[in-house]
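> Please find the sequence and the predicted model below.
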Amino acid sequence: MDKKKEVNDIEPGPDSSRSVDRFGFIKTEQSNSQEGVLKSRSTHERGREERRIRKWRKMIGTGGSDWKHYCRRNPHVVKRIIRKGIPDCLRGLVWQLISGSRDLLLMNPGVYETLVIYETSTSELEIIRDISRTFPSHVFFQQRHGPGQRSLYNVLKAYSVYDRDVGYVQGMGFIAGLLLLYMSEEDAFWLIVALLKGAVHAPMEGLYQAGLPLVQQYLFQFERLVREHMPKLGDHFIEEMINPSMYASQWFITVFSYSFPFHITLRVWDVFLYEGIKVVFQVGLALLRFCHDDLVKLPFEELLHSLRNFPEEATDPDKLLPLAFSFKVLSHLEELEKEYRKRLEGPNASSSSKRLQPLRSKSMRRVGSQVLSNSNVGKK
């Protein structure tokens, strides 16, 4: 009787008989081919992977007790092995350790529970509206009002109360959703706090504040980096009137967690949490470099489509990430940030701000429409 009622209460979704990949996403024809390669590779290298996991467990210690000590003694080793990818079974714990979120959680017992249970948010209806648009092809989030959607709502609502200046912005759902696949609600909440408030790296809350100020800075920096590293493509973008806000906003707002294959998203996040935002610039440059010879030949509409839909081979982490790391961008990013701030604060700051405002408004609408679309998410 209870069992029958439980089944009947589940809202129908996509065909439950369809198989899922190793990450929990409903398989598409494309992901089936990718999964086959990954499966055969893991079978062939199972022993090697098990040794790698044992090595990682020894490094981090029980519950992460040895991690800080190991990082202090072997920073270059840590950087190298993180770039090779964190074992999936340890990813959630390591993400918390390298982001600083574990320390925040331990210093703030009971805070998350209070935010979820006793506080109210002005963004609650907006969050509810967007819940079903976050990773709709993942089994954890498919059931309406199911455990996945409830957890996602709780985390987003809690943060919108914790930081009312930021509140809730649509792209945050993909970051929260990604984290919830690897950790508990409370752990995911504190990792978002660590990122936005800057526990380890520069604060990222400007990605979500009114006017998207940090997005505007990042797009300015990225455009200049493209022109420096790929001048021919940069000139072609100018000729076709393509600017980064048309294709790269969601790269920064969701850190590649929207519309990119999940296996590359995870590898990017491994490095992002340890090295910071520079990896988003590096991966963006690598994507453009990988497809450079094709992109420089395309007219506006085809060019924009290609910039939003990269080929499968371009998102192979074993090819893309080494190319990304070949771009040395940190010092130039710092210089470009100073230049950007001077432009905003200089004698023509007010007129510059007015010129930027339409871009901000269009960028907000464009990013919203991109995140609302589910057409690319199913590729995960």
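Received the coordinates, thanks. Residues are numbered from 1 along each chain as shown.

> for residue 269, what are its contacts?
Shown here is residue 269, whose contacts under the criterion Cβ atoms under 8 Å, 6 or more residues apart in numbering are 95, 178, 255-257. C-betas here are computed from N, CA, C, even on glycine.

> Between all of the residues you listed, which two are separated the most?
With Cβ to Cβ as the measure, no two of those lie farther apart than 95 and 256, at 14.9 Å.

> Local confidence estimate at the residue nearest the centre of the chain?
Among the residues of the chain, the one closest to the centroid is residue 255, at 2.8 Å (Cα atoms, centre = their mean). Turning to residue 255, the model gives it a pLDDT of 97.

> What of residue 11?
On pLDDT, residue 11 comes in at 43.

> tally of neighbours for residue 203?
Residues lying near residue 203 (other Cβ atoms under 10 Å) number 13.

> thought it was touching residue 197?
Yes - using Cβ atoms under 8 Å, residue 203 is in contact with residue 197, at 5.6 Å.

> which residues touch residue 93?
With contacts defined as Cβ under 8 Å, 6+ apart, residue 93 is in contact with 60, 63-64, 183.

> now, among these, which is nearest to residue 222?
Taking Cβ to Cβ as the measure, residue 222 sits nearest to residue 183 out of the contacts of residue 93, at 29.7 Å.

> need the contact list for the residue nearest to the centre of the chain.
Residue 255 makes contact with 175, 268-269, 272, 280, according to Cβ under 8 Å, 6+ apart.

> related to what we said a few turns ago, buried ones among the contacts of residue 93?
Using 16 or more other Cβ atoms under 10 Å as the burial test, the contacts of residue 93 include 60, 64, 183 as buried.

> Sort out for me which of the contacts of residue 269 are in helices.
Among those, the ones falling in helices (DSSP state H) are 95, 178.

> Buried subset of the contacts of residue 269, written for ChimeraX?
A single ChimeraX command selects the buried members of these (16+ other Cβ under 10 Å):
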select :95,178,255,256,257
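
> between the contacts of residue 269, which is nearest residue 247?
Nearest to residue 247, judged by Cβ to Cβ, of the contacts of residue 269 is residue 256 at 12.6 Å.

> quick one: the closest one and residue 175, what's the gap?
Distance of residue 256 to residue 175, computed by Cβ to Cβ, to the nearest Å: 10 Å.

> what ranges do the helices span in the stretch 151-300 of the chain?
For the stretch 151-300 of the chain, the helices defined by DSSP state H, counting those that start in this stretch cover 172-180, 185-197, 213-229, 231-239, 249-254, 262-275, 278-290, 292-295, 300-308.

> CA atoms only for the shortest one, dumped as CSV, please.
What it means is helix 292-295. This file holds the C-alpha atoms of helix 292-295, laid out as CSV (Å, rounded to 0.1, in the frame of the first residue of the first chain):
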residue,chain,number,x,y,z
HIS,A,292,40.9,29.2,-34.4
ASP,A,293,41.3,28.2,-38.0
ASP,A,294,37.6,27.5,-38.4
LEU,A,295,36.4,30.5,-36.5
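
> what comes up buried for that helix?
Those would be residue 295, for helix 292-295 by 16+ other Cβ under 10 Å.

> Kindly report the same for the second one.
Judged by neighbour count (16+ other Cβ under 10 Å), helix 185-197 contains these buried residues: 185-196.

> Give the other helices and strands that that helix contacts.
Secondary-structure packing of helix 185-197 (3 or more Cβ pairs under 8 Å, 6 or more residues apart in numbering; DSSP states H and E): helix 91-99, helix 101-107, helix 111-118, helix 147-162, helix 172-180.

> by how many degrees do the last one and helix 185-197 diverge?
The directions of helix 172-180 and helix 185-197 differ by 130 degrees, with axes from the mean of the first three to the mean of the last three Cα atoms, to 10 degrees as the criterion.

> Same question for the third one.
Here helix 111-118 runs at an angle of 110 degrees relative to helix 185-197 (the same axes, to 10 degrees).

> just the first one next, same as before
With the same axes, to 10 degrees as the criterion, the two stretches helix 91-99 and helix 185-197 enclose an angle of 30 degrees.

> So, low pLDDT: which residues of this protein?
1-17, 29-44, 347-380 (pLDDT under 70).

> Just give the nearest non-adjacent residue to residue 124, would you?
Closest residue in space to residue 124, ignoring its immediate chain neighbours: residue 157 at 6.0 Å, by Cβ to Cβ, 6 or more residues apart in numbering.

> wait, what's in contact with the one you found?
Shown in contact with residue 157 (Cβ under 8 Å, 6+ apart): 115-116, 121, 123-124, 127, 168.

> tell me the contacts of the spatially closest residue to residue 260 that is not a sequence neighbour?
Closest residue in space to residue 260, ignoring its immediate chain neighbours: residue 315 at 6.2 Å, by Cβ to Cβ, 6+ apart. Contacts for residue 315 were tallied using Cβ under 8 Å, 6+ apart; they are 260-261, 264, 287.
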